[in-house]
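**Student:** Would you be able to build a 3D model of this:
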Amino acid sequence: MKQSLYKLPIILFCGCILSLTFLNCGDPSDVSSWSEKDLLEYGIPMTLVMPDSAKVNIVEWGIQKDITLVGDDWYNLQLFSARASTHDKKKLKAELLENVQQGRFFSEVTIDEEDGFVFAIQIDTLLNYDFRHVKIQGDQEYIFQAGMSSSYDKDQINQLYQIAKEAY
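**Tutor:** Numbering: from 1, shown residues only. Model (predicted):
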């Protein structure tokens with residue numbers, strides 16, 4: 001009985017991820033209704049592509065801003081803004097990569113570039129993808145990743161990663 005209770009949270013978590021996977025089955029190549037959005041009105045001097053329907057949510061954590069951009073279907077992008085801990089984006093990216101690789105469910109890095117990477121997470125047979133991308137502008141660092149409340153396939157995460165890379 002005790003062993004079954006320990007497995008219950010894992011089963012529930014996997015069930016939630018599986019449900020999110022089926023709910024997020026939008027076609028990542030259908031970006032016809034997307035446009036560039038300037039985030040300066042939210043205190044972020046950056047422009048990026050998103051669905052016209054996307055909602056912007058900002059949480060101030062004192063030393064860091066958490067900006068979440070959520071659109072219809074699978075679009076869910078998270079951006080953290082803080083005072084730069086370093087002006088060396090290779091070093092910052094390496095720290096993020098090391099942190100991700102130490103994760104319990106880390107599987108593999110599928111794309112590894114100077115300022116970002118895409119990686120897979122595997123829980124039992126369920127495979128999910130995420131990414132980190134770094135931008136440093138002036139004394140601010142911006143770390144992009146997929147929104148935490150969704151599950152993504154490889155094509156979706158590659159599309160979000162490309163959007164983060166092209167942000168200016």
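
**Student:** CA atoms for contacts and neighbours, from now on please.
**Tutor:** Fine.

**Student:** Tell me, how many residues neighbour Lys37?
**Tutor:** Number of residues near Lys37 (other Cα atoms under 10 Å) recorded here: 15.

**Student:** my guess is it contacts Val49, does it?
**Tutor:** Yes - counting by Cα atoms under 8 Å, Lys37 touches Val49, with 6.1 Å between them.

**Student:** What distance do you get for Gln145 to Lys90?
**Tutor:** 17 Å (Cα to Cα, to the nearest Å).

**Student:** number of nearby residues for the closest residue to Pro51 other than its chain neighbours?
**Tutor:** Using Cα to Cα, 6 or more residues apart in numbering and skipping the chain neighbours, the partner closest in space to Pro51 is Trp34 (4.1 Å). Other residues near Trp34 come to 14 when the count uses other Cα under 10 Å.

**Student:** ditto for Thr47
**Tutor:** 16.

**Student:** For Ile44, which three-state class applies?
**Tutor:** coil (DSSP: H, G, I helix; E, B strand; the rest coil).

**Student:** Now the longest strand anywhere in the chain: average pLDDT?
**Tutor:** Of all the segments of type strand in the chain, defined by DSSP state E, the longest one is strand 126-137. Averaging pLDDT along strand 126-137 yields 96.

**Student:** So what's the gap between the helix or strand that it is followed by and the chain middle?
**Tutor:** Downstream of strand 126-137, the next assigned helix or strand under DSSP states H and E is strand 140-146. Relative to its parent chain, strand 140-146 has a centroid offset of 9 Å by Cα atoms, centre = their mean, to the nearest Å.

**Student:** tell me the mean pLDDT over strand 140-146?
**Tutor:** Rounded to a whole number, the mean pLDDT of strand 140-146 is 96.

**Student:** packing partners for that strand?
**Tutor:** strand 76-83, strand 126-137, helix 154-166 (3 or more Cα pairs under 8 Å, 6 or more residues apart in numbering; DSSP states H and E).

**Student:** show me what contacts the most centrally placed residue in the chain?
**Tutor:** Nearest to the geometric centre of the chain sits Ala146, at 1.5 Å (Cα atoms, centre = their mean). By Cα atoms under 8 Å, 6 or more residues apart in numbering, Ala146 lies in contact with 76-78, 130-132, 157, 160.
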